[in-house]
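The sequence isn't on hand, but the structure is:
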């Protein structure tokens with residue numbers, strides 16, 4: 001495969017500049033990885049044992065860097081595998097130099113204007129600013145990780161070392177921590193090394209494997225013809241993915257801000273947009289699978305398709321080109337949709353307030369990819385999500401995926417698409433069932449808070465329905481408390497059974513800020529009225545006045561429930 005040697009850090013860095021190619025992922029290690037790294041170093045130092053921290057696979061290049069100040073030439077190596085470790089070690093050495101070992105800077109960090117580690121994509125300039133002490137303000141998560149990693153190591157080092165222990169730590173990290181260094185001479189060997197030597201702190205994703213596999217196919221069957229396109233495409237996709245995650249956290253989009261949305265999910269979503277079209281276009285074996293996992297996408301669809309087409313290089317090359325173009329366009333469309341959450345109230349409410357169900361993501365992204373995401377389609381998607389995936393409480397999808405999503409690329413006719421969505425909604429949540437369900441106890445339904453919020457806008461056009469802080473702070477308040485505090489019959493309730501049947505209905509619910517909700521407790525409506533009147537929610541405030549002057553009883557619950565149901569049938573209607 002190439003030369004491989006066990007080397008300590010001093011030997012590893014000798015006469016080298018490490019370059020992370022743009023197509024590699026941005027810096028992704030987190031505090032758990034840094035903590036493991038630091039604990040291994042500290043334990044090795046205390047027990048006086050050597051530490052082996054993994055494998056580094058490098059690809060030799062014909063490029064070089066020259067430091068005129070020190071008269072030192074450096075050979076440039078691309079990091080094929082181990083980029084997270086190389087970057088972390090570089091930051092650790094920078095932290096050591098800043099903690100009292102400035103000589104490390106010249107030996108490992110920077111010589112003249114030559115930075116010994118060059119990152120790709122979004123990280124490179126930020127890392128340079130860190131090295132040069134410019135204390136940059138990171139605007140994206142991957143750069144915050146670089147800054148936080150450096151700060152973590154500086155804090156750990158300063159709290160750990162005393163007297164001459166800093167020198168001992170410096171000697172240990174340079175001389176007694178080892179890696180297995182592989183150097184390969186060409187791209188084919190680099191790809192094979194990447195496939196076989198994955199021992200990184202971050203598990204290899206299917207998107208990584210897809211990139212590696214397509215590089216292998218390009219080299220073996222297409223005379224390296226798509227190498228640069230593959231590198232460029234995945235460099236952009238990794239950047240788009242990071243941006244999606246970043247906005248997801250900023251805007252409190254539950255699905256995107258948690259670990260559920262992975263790069264594997266991105267690949268799976270894309271399959272639903274691309275597979276049906278590709279199967280028809282290239283007469284591929286197998287059928288579109290609406291229930292495909294990310295593993296299925298990689299192992300069955302992608303590998304199976306390439307294997308089927310490998311004997312006709314023209315078709316194979318065209319298939320991969322379309323796959324790459326489609327995947328990059330799809331990921332960019334995903335990013336564009338999520339970026340609108342920052343600026344467009346409709347998107348903010350759909351993703352941050354209502355919380356679009358993950359089953360619907362491939363639909364909205366596919367429409368954006370094809371330039372078919374109109375205002376009317378966006379409203380229909382909200383109706384689909386609220387009626388089927390929230391109110392109904394189950395997650396049917398076969399018809400939506402087979403009849404609508406899978407055909408968007410090959411048949412991007414917006415009229416047919418909208419008809420398909422409406423047919424799906426009518427099958428699982430027609431108006432009669434929608435009306436019936438809304439008339440039942442609905443307190444625990446994930447759509448209830450959003451329905452009450454939208455009802456506020458319906459009643460008061462000046463209400464700021466994009467106020468995310470207020471929305472987050474509001475809780476669903478029971479006007480009649482969940483635990484009755486009076487003897488029956490009273491308030492038009494004949495017995496406790498009738499009371500319990502009504503307390504979770506829409507007419508007995510309103511929105512109330514958390515601090516006011518805490519004051520209401522289990523009091524009677526007339527005792528809560530003064531707190532309602534302090535609310536920033538118009539209907540709740542008005543209700544406080546009404547309750548103070550008029551009786552609130554079971555009949556009022558029926559009336560309000562009926563009014564809200566009428567609003568819902570119009571607001572999330574099927575006929576246009």
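Thanks, I have it. What you see is a predicted model, and the numbers here were worked out from it, not measured in a lab.

any low-confidence regions in the protein?
Counting by pLDDT under 70, the ranges of the chain that qualify are 1-4, 163-164, 186-203, 576.

All the strands of it, residue numbers only.
Using DSSP state E, the strands of the chain run over 3-8, 16-19, 51-67, 72-81, 110-111, 114-115, 117-118, 177-184, 474-478, 509-513.

Let me know which of those is tucked in deepest.
Greatest average neighbour count among the strands of the chain goes to strand 509-513 (a mean of 25), per mean count of other C-beta atoms under 10 Å. Using the backbone N, CA and C atoms, a C-beta is placed for each residue, glycine as well.

helices or strands up against that one?
With contacts defined as 3 or more C-beta pairs under 8 Å, 6 or more residues apart in numbering; DSSP states H and E, strand 509-513 has these neighbours: helix 448-459, strand 474-478, helix 525-532, helix 538-549.

which residues sit in contact with the nearest residue to residue 113 once chain neighbours are set aside?
Distances taken as C-beta to C-beta, 6 or more residues apart in numbering place residue 67 nearest to residue 113, at 8.0 Å, with adjacent residues excluded. Residue 67 makes contact with 73-74, 111-114, according to C-beta atoms under 8 Å, 6 or more residues apart in numbering.

What of residue 526?
Here residue 526 is in contact with 547-548, 552 (C-beta under 8 Å, 6+ apart).

closest to residue 144 out of the helices and strands packed on strand 509-513?
Taking C-beta to C-beta, strand 474-478 is the member of the helices and strands packed on strand 509-513 nearest to residue 144, at 30.1 Å.

what's the offset of the closest one from the middle of its chain?
A distance of 29 Å separates the centroid of the chain from that of strand 474-478, by C-alpha atoms, centre = their mean, to the nearest Å.

what residues does it touch?
443, 448-449, 452-453, 503-504, 508-514, 517, 520, 537, 540.

how much does that strand deviate in direction from helix 448-459?
On the basis of axes from the mean of the first three to the mean of the last three C-alpha atoms, to 10 degrees, strand 474-478 is oriented at 90 degrees to helix 448-459.

In its sheet, which strands sit next to strand 474-478, and in what direction?
In its sheet, strand 474-478 lies beside strand 509-513 (antiparallel), with partners assigned from DSSP bridges.

Using PyMOL, define a selection of the buried residues within the contacts of strand 474-478.
Buried subset of the contacts of strand 474-478, written as a PyMOL selection, criterion 16 or more other C-beta atoms under 10 Å:
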select buried, resi 448+449+452+453+503+504+508+509+510+511+512+513+517+520+537+540
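
Flag every buried residue along stretch 404-422.
Buried, per 16+ other C-beta under 10 Å, within stretch 404-422: 404-409, 414, 417-418, 420-422.

Which of the residues you listed fall in helices?
Members of those lying in helices (criterion: DSSP state H): 414, 417-418, 420-422.

for those, which one is nearest residue 82?
residue 417 (45.3 Å).

Does that closest one touch residue 408 like I think?
Yes. Proximity of residue 417 to residue 408 meets the contact threshold set by C-beta atoms under 8 Å, at 6.4 Å.

any residues in contact with both of the two?
Contacts common to residue 417 and residue 408, judged by C-beta under 8 Å, 6+ apart, are 367, 372.

Who are the packing partners of the helix ranked longest in the chain?
Identified as the longest helix of the chain according to DSSP H is helix 313-339. If contacts are counted by 3+ C-beta pairs under 8 Å, 6+ apart, helix 313-339 sits against helix 206-221, helix 227-250, helix 263-281, helix 303-309, helix 361-369.

Which of the residues in that helix are classified as buried?
315-317, 319-324, 326-339.

Ok, stretch 477-495 next?
477-481, 484, 491, 493.

And stretch 216-234, how far out from the chain middle?
27 Å.

hang on, the earlier thing: quick one: which of the contacts of residue 526 is nearest to residue 288?
Using C-beta to C-beta, these come closest to residue 288 at residue 552, 54.3 Å.

correct me, but the closest one touches residue 479?
Yes. Using C-beta under 8 Å, residue 552 is in contact with residue 479, at 6.4 Å.

what's the overlap in contacts for the two?
residue 525.
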